[in-house]
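Next input, structure requested:
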Amino acid sequence: MARGSGNRSRLLLIILLVTSLFLVTLDLRGVSLTKSSRSITQSILAPVQNGVSTVFSPVGRFFSSIKNFGNTKAELDQVKAANNLLKAQLAKEVDSKGALTQLKGLLNLAGQGGYKIVPARVIGRGSAASFSQTITVDAGSRDGIRMNQTVISQNGLIGVVKMVTSNSAIILLISDPSFKVGVRIARSQSIGVLLGQGNSQYQLELLDPTGIIEDGDVLLTNGSQDNRPFVPGVPIGQVSSVDHTNSSLTQTAIVKSYANLNDLGVVSVIISAPNVAPKTPISPTPQPTITVLVTPTPSPSLSASPTPTPHKSKA
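Residues are numbered from 1 along each chain as shown. Sure thing, here's the model as predicted:
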């Protein structure tokens, strides 16, 4: 049954082709063909033409797509490369803005205390030689950094230099359990020792048995001989709670540091400072709550200079 249907289709196709050739021959010999005969012929051949077009059009489009595939892929790769470049530039932009903010805070703090500083970026955390709480910075002896120098962030004391190479330095953080620094209370001028506890809280031990610690007391570094390892007057933090028990000879308290040790991008090593603390206690600039809208803009310059806080003259 299928074979008979196929034979009839082939016969019809042959008849159509012969008829077409016949009509073309008549037309070439000058025999006039009526418009109606032409319409009939076109109507008969139209389905065949449509069928052939339907069969072979996808094939043509396929080969055309193959031809243009290389160009399309190259354009797509260019778009991806440009997109990745914009992402990298945007990341650098955000990083530069964050570093500039911290640097401005550092210069402001250094200006208030009259410190000469060497800014440096934090490039590592933790020491390979021990389990100490440390950071590594990208400045060293060629930049004027030496062992046992005070290190600050924009908010105050963060540690002391413990190891130096020509182009890097390892900083022992104030949170390390082995860290100790002499402090004084700004309100009463009482002297004490601040001890690292291995976390974000610090313990204050007052050396004066008659001294009194109050909640909210501000602590500053007391300073060391020849300013090594600590220069005087660097803000450290505030007393968050006082131990009022009588189990110890002197009062103790828990201190909350001004500096967030988990948010250190740019720090500074103090390479020289006055031998006495400032006449008025210095304090870090409060950090406002900022809503960041990220938009690609030209990278800001990191150049800035310390601006000492002006002292009000008494009449």
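
Could you verify my assumption that I135 touches S153?
No: look at I135 against S153 with Cβ atoms under 8 Å: they stay out of range, at 10.4 Å. From N, CA and C alone the C-beta is placed, and that goes for glycine too.

Looking at these two, which has the bigger crowd around it?
Ranked by neighbour count (other Cβ atoms under 10 Å), I135 and S153 place S153 first, with 25 against 22.

Touching, that one and V267? I think so.
Yes: if you go by Cβ under 8 Å, S153 and V267 touch, sitting 5.3 Å apart.

Find the residues that touch each one of these two.
L106 (Cβ atoms under 8 Å, 6 or more residues apart in numbering).

thinking again about what came up before, residues that sit against both of I135 and S153, list them.
L264, V267.

where does E214 land in three-state SS?
Of the three states, E214 takes coil according to DSSP: H, G, I helix; E, B strand; the rest coil.

How about K80?
K80 ends up helix, using three-state DSSP.

Next, the contact list for it, please.
So K80 contacts nothing (Cβ under 8 Å, 6+ apart).

show me what contacts R125?
Neighbour list for R125: T134, I135, T136 [criterion: Cβ under 8 Å, 6+ apart].

Check V276 too.
By Cβ under 8 Å, 6+ apart, the neighbours of V276 are G223, P232.

So which residues of this structure form strands?
116-125, 134-137, 150-153, 156-164, 169-173, 180-185, 191-196, 201-206, 218-221, 235-243, 252-257, 266-272 (DSSP state E).

Export those strands as TSV, with columns for mean pLDDT and distance to P229.
Putting the strands of the chain into TSV (pLDDT from 0 to 100; distance: least, Cβ to Cβ, whole Å) gives the following:
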stretch	mean pLDDT	distance to P229
strand 116-125	92	15
strand 134-137	94	15
strand 150-153	94	6
strand 156-164	95	5
strand 169-173	95	10
strand 180-185	94	8
strand 191-196	95	13
strand 201-206	93	17
strand 218-221	94	10
strand 235-243	94	14
strand 252-257	94	17
strand 266-272	93	10
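
Tell me which of these sits most buried.
Comparing these on average neighbours per residue, with mean count of other Cβ atoms under 10 Å, the densest one is strand 150-153 at a mean of 27.

low pLDDT regions in the stretch 51-200 of the chain?
Applying pLDDT under 70 to the stretch 51-200 of the chain picks out residues 51-70, 87-100, 102-103, 127-131.

50 instead?
In the predicted model of the stretch 51-200 of the chain, residues 52, 128 satisfy pLDDT under 50.

Nearest to L172 among the contacts of R125?
Closest approach between the contacts of R125 and L172, by Cβ to Cβ: T134, at 5.6 Å.

Let me know whether that closest one touches L172 as I believe.
Yes: in this structure, T134 is within contact of L172 by Cβ under 8 Å, at 5.6 Å.

what do these two both touch?
With Cβ under 8 Å, 6+ apart as the test, T134 and L172 both reach G159, K162.

coming back round to it: between the contacts of R125, which sits nearest T101?
Checking the contacts of R125 one by one against T101 (Cβ to Cβ), the nearest turns out to be I135, at 18.6 Å.

The closest one: what's it in contact with?
Counted by Cβ under 8 Å, 6+ apart, I135 has contacts V122, G124, R125, G159, I170, I171, L173, L264, V267.

Reformat those as CSV; add distance to H244.
Shown next, in CSV, are the contacts of I135 (distance: Cβ to Cβ, whole Å):
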residue, distance to H244
V122, 38
G124, 41
R125, 37
G159, 30
I170, 39
I171, 35
L173, 29
L264, 34
V267, 36
